[in-house]
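# Below are the sequence and a predicted model for it; my questions follow.
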Amino acid sequence: MDEEHKLVNKITGGDIQSFKILVEKYQRLVTHIVFRMILNEADREEVCQDVFTRVYQNLSDFKFQSKLSTWISKIAHNTCINCLKKKKLPLYEDLLEFENKQGNAANNDKYKSIASVQGETMLPDEAAISAEISGLLLKEINQLPAQYRVILTLYHLENLNYEEIAEILELPLGTIKSYLFRARKHLKDILLKTYQPEELIQ
């Protein structure tokens, strides 16, 4: 039995200290998802607490049919969606508006030339860019639709693959790839309005 099985068994057996260990292990993951989907700082802490409450309440139903991290991520994502719906904040409406803007931009020659720089549009390496560029990048990420923000976070910060993200968000694999590509292309478009390619890609 691996360590995760042992940890889950201890928690479902009533070991509170083991649950604290689980929270410490996955707090970063949950925080990344919540902070990308929930932009209202007043709601973030409450949502994070709600995520781990749901994890604890439903852990006995977890049968290791997926990674524990994937299962927890799915709970975090669904909890965020419930919060956005409760607050009547946009989830899919802003995505549709963004898609329309992207469609219009795709017909623009300048946009096409930006998309062709360095081949595939890659998110700049955060370790190689200045604090100023990082600040602009973060600001623009926060302007993206919630689904785009969380996909970028899971892929680039949590190093999840397409299949894992698709399972968490319950979206087709092709949709995940499309959203990620469009989000990165949009960010590169914004950055190249201010910076030269060599400043972004080291």
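Cool, the structure landed.

# From the centre of this structure outward, give me the first residue you hit.
Val150 (2.0 Å; C-alpha atoms, centre = their mean).

# quick one, what contacts that one?
For Val150, the contact set (C-beta atoms under 8 Å, 6 or more residues apart in numbering) comprises 33, 36-37, 77, 80, 169. Just so you know, the C-beta spots here come from the backbone N, C-alpha and C atoms, and that holds for glycine as well.

# Please tell me which one of those residues counts the most neighbours.
Neighbour counts for the contacts of Val150 peak at Ile33, which has 28 neighbours (criterion: other C-beta atoms under 10 Å).

# Count the neighbours of the closest residue to that one other than its chain neighbours for me.
Once flanking residues are discounted, Ile33 sits nearest to Ala76: 4.3 Å by C-beta to C-beta, 6 or more residues apart in numbering. Using other C-beta under 10 Å, Ala76 has 27 other residues around it.

# mind listing what's buried in the helix or strand hosting Ala76?
Per DSSP states H and E: Ala76 is located in helix 68-86. Burial within helix 68-86, assessed by neighbour count using 16 or more other C-beta atoms under 10 Å, is assigned to 68-77, 79-81, 83-84.

# Can you give me the distance of Val55 to Ile176?
Counting by C-beta to C-beta, to the nearest Å, the separation of Val55 from Ile176 is 23 Å.

# Tell me where this structure is predicted with low confidence.
1, 89-134, 196-202 (pLDDT under 70).

# Would you mind giving the domain segments of it?
Following automatic domain parsing, one gets these domains for the chain: 3-86, 93-200.

# Quick check: Ile141 touching Arg149?
Yes - judged on C-beta atoms under 8 Å, Ile141 makes contact with Arg149 at a distance of 5.9 Å.

# contacting residues for Leu29?
Contacts here follow C-beta under 8 Å, 6+ apart; on that basis Leu29 touches 69, 72-73, 76, 158.

# and with 10 Å instead?
Listed by C-beta atoms under 10 Å, 6 or more residues apart in numbering, the contact set of Leu29 reads 51, 69-70, 72-73, 76, 153-154, 157-158, 160.

# same deal with Leu22?
By C-beta under 10 Å, 6+ apart, the contact list for Leu22 reads 4, 7-8, 10-11, 52, 55-56, 59, 68, 72.

# Tell me the spacing between it and Leu154.
Separation of Leu22 from Leu154 (C-beta to C-beta): 19 Å.

# Tabulate the contacts of Leu29 (a markdown table), appending distance to Ile190.
Formatted as a markdown table, those follow (distance: C-beta to C-beta, whole Å):
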| residue | distance to Ile190 |
| --- | --- |
| Val51 | 31 |
| Ser69 | 31 |
| Thr70 | 31 |
| Ile72 | 32 |
| Ser73 | 27 |
| Ala76 | 27 |
| Thr153 | 18 |
| Leu154 | 21 |
| Leu157 | 19 |
| Glu158 | 23 |
| Leu160 | 24 |
